[in-house]
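Participant: coordinates only, sequence not included:
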């Protein structure tokens, strides 16, 4: 006996390929190195990474060493894999041909003391004040000697705000700081940075959110197609009288007689509680507002006047429900919408 799902997540692999190609065009001659951390932003690294490798990706970025070890089994020995956390386990990096992104002077010294077979990147903090070595510390780093530094990176703090003055400042500081490393490849741009113009591209760009359907500036972009298509099934229809309330806290009170649908997807599946009361879904091509709070397993929506049943599917993300628009309604960003998608929602790849 097979279980009948109340939610499903369809991942459009053709759209993923389209977005990768669009980013390659936008990046010009720079290499496009996908960021597949956090299980490929919640869409499944096991499917996403090999697909991108088949379409030409030769360098990948992850955050954790554990992610890199898994990724190596998925894409084989040839692709380059960088680990943003830094050099956490030198023998593991050497054994699996992984590349640490060096973030501190201590990590740099540890790298120099270890095997020369471990190729690395150096992270210079030009304004994020998160990970990385400050520009004024770079000059004090000893020469790498026989160890190979293959890449110098930094990260834009305000790349999704094209007119923010920190972007230009970080660009200037990155150029100045990397002058010490002639001949070493450079990387500054994430997804938003790619669309700031060719000055930000350097030798390699590191897109994440745009691969997976999010616009570079937090709004839909014509070059980027939706990849995640999240739907929930109607479980029950209910006639509500004017004056009756819906859900926890009775936050929604009907102003008229109406028909409500209870949909089998909630915050345990990754639909943020903050998506109500401003949220909306698309049913049979028509956008309809949520009614009441999002619960753990269900939410309710106004379907008055629609011909639906207890087997009708409702779109939460997809062609009619752009990732950035949904994120704005939930008071967050597309990154969080995708990475919060719950494990109990079945993934389907096509």
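Facilitator: Here it is on my side, so go on. In this text, all values refer to a predicted model and were calculated from it rather than measured experimentally. Numbers count the residues shown, from 1 in each chain.
Participant: from here on, contacts and neighbour counts on C-alpha atoms
Facilitator: OK.
Participant: excluding its backbone neighbours, what's nearest residue 283?
Facilitator: Excluding the flanking residues, the one nearest residue 283 by Cα to Cα, 6 or more residues apart in numbering is residue 314, at 5.1 Å.
Participant: Show me what secondary structure element comes after the helix or strand hosting the one you found.
Facilitator: Take DSSP states H and E as the rule and residue 314 turns out to sit in strand 313-317. Downstream of strand 313-317, the next assigned helix or strand under DSSP H and E is helix 323-329.
Participant: Whichever helix or strand comes after that next one: how far from the chain's middle?
Facilitator: Following helix 323-329 in sequence order, the next helix or strand is helix 334-339 (DSSP H and E). Relative to its parent chain, helix 334-339 has a centroid offset of 6 Å by Cα atoms, centre = their mean, to the nearest Å.
Participant: How much space separates the residue nearest to residue 283 from residue 143?
Facilitator: For residue 314, the distance to residue 143 (Cα to Cα, to the nearest Å) stands at 59 Å.
Participant: quick one: which of the two has more around it?
Facilitator: Per other Cα atoms under 10 Å, whichever of residue 314 and residue 143 has more neighbours is residue 314, with 24 against 9.
Participant: Could I get the full set of helices for the stretch 1-150 of the chain?
Facilitator: 13-27, 37-41, 45-54, 65-75, 90-96, 105-113, 135-138 (DSSP state H, counting those that start in this stretch).
Participant: Where does pLDDT dip in the protein?
Facilitator: 1-3 (pLDDT under 70).
Participant: what's the longest strand in it?
Facilitator: If each strand of the chain is counted by residues according to DSSP state E, the longest one is strand 228-240.
Participant: Show me what that one is in contact with.
Facilitator: Applying Cα atoms under 8 Å, 6 or more residues apart in numbering, the external contacts of strand 228-240 come out as 6-12, 43, 212-213, 254, 257-265, 309-319.
Participant: Now which of those residues would you call buried?
Facilitator: 6-12, 43, 212-213, 254, 259-265, 312-318 (16 or more other Cα atoms under 10 Å).
Participant: So which of these sit within strands?
Facilitator: Filtering those for membership in strands, criterion DSSP E, returns 7-11, 259-263, 313-317.
Participant: how about those, which pair is most distant?
Facilitator: Looking at these by Cα to Cα, the two members farthest from one another are 11 and 259, with 31.2 Å of separation.
Participant: re earlier: out of the helices of the stretch 1-150 of the chain, which comes closest to residue 286?
Facilitator: Using Cα to Cα as the measure, helix 13-27 is the one of these that comes nearest residue 286, at 23.2 Å.
Participant: Give me the buried stretch members for the closest one, please.
Facilitator: By neighbour count, and taking 16+ other Cα under 10 Å as the criterion, the buried residues in helix 13-27 are 13, 15-24, 26-27.
Participant: how about CSV for those residues, with distance to residue 133 added?
Facilitator: Converted to CSV, the buried residues of helix 13-27 look like this (distance: Cα to Cα, whole Å):
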residue, distance to residue 133
13, 37
15, 37
16, 34
17, 35
18, 35
19, 32
20, 30
21, 33
22, 32
23, 28
24, 29
26, 29
27, 26
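Participant: Can you tell me which of those lies closest to residue 54?
Facilitator: Proximity of the buried residues of helix 13-27 to residue 54, judged by Cα to Cα, is greatest for residue 17, which lies at 9.9 Å.
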